[in-house]
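Novice: Can you look at this prediction? I've put the sequence above it.
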Amino acid sequence: MPDQLINEIRDTLVLARSQFEYLSDLGLESQKKYSLDAGKESLGIDTNAVLQETLDTIRTDLGDCRRCGLGESCTKLVYGVGNPNARLVFVGEAPGHKEDIKGEPFVGEAGRLLDKILLAMGMQREDVYICNVLKCRPPNNRDPQPEEVATCEAFLIRQVAVIRPQVIVGLGRFAVHCLLKTKAPISRLRGEWQNYQGIPMMPTYHPAYLLRNPDGKRDVWEDMKEVMRRLQAEGDG
Ligand code: URA
């Protein structure tokens with residue numbers, strides 16, 4: 001079976017698991033009559049392994065990734081950091097120079113601003129999960145290519161399905177366009193709830209944009225207040 005098809009089936013199973021668990025949380029038991037194991041022999045997939053997927057197993061699966069050309073030129077793959085049970089996930093575009101060296105997202109100047117935003121929200125890096133659409137730095141920070149996004153987003157989808165946050169924040173035009181498959185201006189998208197993989201997503205400006213356009217900070221703060229309201233309304237569960 002082609003790898004791409006296997007990956008698609010795996011993504012679907014991971015998503016199905018999170019939806020089952022969600023329904024179960026709601027006390028809807030009827031989903032039990034369906035079995036995720038149905039047909040697993042004919043698919044040739046170890047569904048038990050899929051159902052036990054964790055952030056670590058996804059990272060292992062990424063390995064020394066060469067699925068697109070970026071793996072050849074980057075220094076370190078930047079997978080993601082933070083709380084595996086985070087209620088809030090931030091998704092940026094792609095690693096920059098500092099991230100590429102350190103192997104961690106948002107560790108440069110934009111990252112320091114993101115830390116300040118988190119602090120203002122009463123949180124720290126350890127409370128949330130931070131990652132990017134692309135795991136490898138594009139040479140000279142060029143725009144990611146559609147095939148690079150298509151290849152790498154499969155891993156983001158799996159990370160999100162495992163974490164099952166209550167809210168996602170899309171940071172900046174590029175990330176938001178990738179996640180929502182739209183080209184609408186970020187100035188129009190920001191501040192309005194969207195949906196990514198069944199999870200409420202708030203698009204907002206990228207911290208790097210805010211460094212160049214400090215006036216945008218007011219809008220971002222409005223967006224983060226909306227995020228906090230939503231998290232509060234969802235409660236601790
Ligand atoms: N910009 C991003 O989008 N992601 C990073 O990790 C760093 C800068």
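Specialist: Great, that's in hand.

Novice: contacts and neighbour counts: CA atoms only from here.
Specialist: Noted.

Novice: So which bits of this structure are right by the ligand?
Specialist: 92-96, 99, 105-106, 132 (Cα under 6 Å from any ligand atom).

Novice: redo that, cut-off 8 Å
Specialist: Contact residues (Cα under 8 Å from any ligand atom) of the chain with the ligand: 78, 91-96, 98-99, 104-108, 110-111, 131-132, 171-172, 175, 206-208.

Novice: wait, residue 105 sits on residue 93?
Specialist: No: taking contacts as Cα atoms under 8 Å, residue 105 lies outside contact range of residue 93: 9.8 Å.

Novice: And residue 156, how far from the ligand?
Specialist: For residue 156, the distance to the ligand (Cα to the nearest ligand atom, to the nearest Å) stands at 13 Å.

Novice: Check which residues of the strand or helix carrying that residue are buried.
Specialist: Secondary structure assignment for residue 156, by DSSP states H and E: helix 146-163. If you call a residue buried by 16 or more other Cα atoms under 10 Å, then helix 146-163 has these buried ones: 148-149, 152-163.

Novice: which residues do residue 105 and residue 93 both contact?
Specialist: residue 132 (Cα atoms under 8 Å, 6 or more residues apart in numbering).

Novice: Just confirm residue 165 is within a strand.
Specialist: No: under DSSP: H, G, I helix; E, B strand; the rest coil, residue 165 sits outside any strand and is assigned coil.

Novice: Just give the number of residues close to it.
Specialist: 19 (other Cα atoms under 10 Å).

Novice: Please, where are all the helices along the protein?
Specialist: Using DSSP state H, the helices of the chain run over 3-25, 40-43, 47-51, 55-62, 70-73, 97-102, 109-120, 146-163, 172-180, 186-189, 207-212, 216-234.

Novice: of all these, which gets the most neighbours per residue?
Specialist: Each of those was scored by mean neighbour count; the highest is helix 172-180, a mean of 22, by mean count of other Cα atoms under 10 Å.

Novice: Contacts made by stretch 185-201 with the rest, please.
Specialist: 157, 161, 164-170, 172-173, 176, 179-180, 202-205, 219-220, 222-223, 226.

Novice: pLDDT weak spots in the protein?
Specialist: Regions of the chain meeting the criterion pLDDT under 70 cover residues 1-51, 236-237.

Novice: give me that answer again for 90
Specialist: Applying pLDDT under 90 to the chain flags the ranges 1-52, 235-237.
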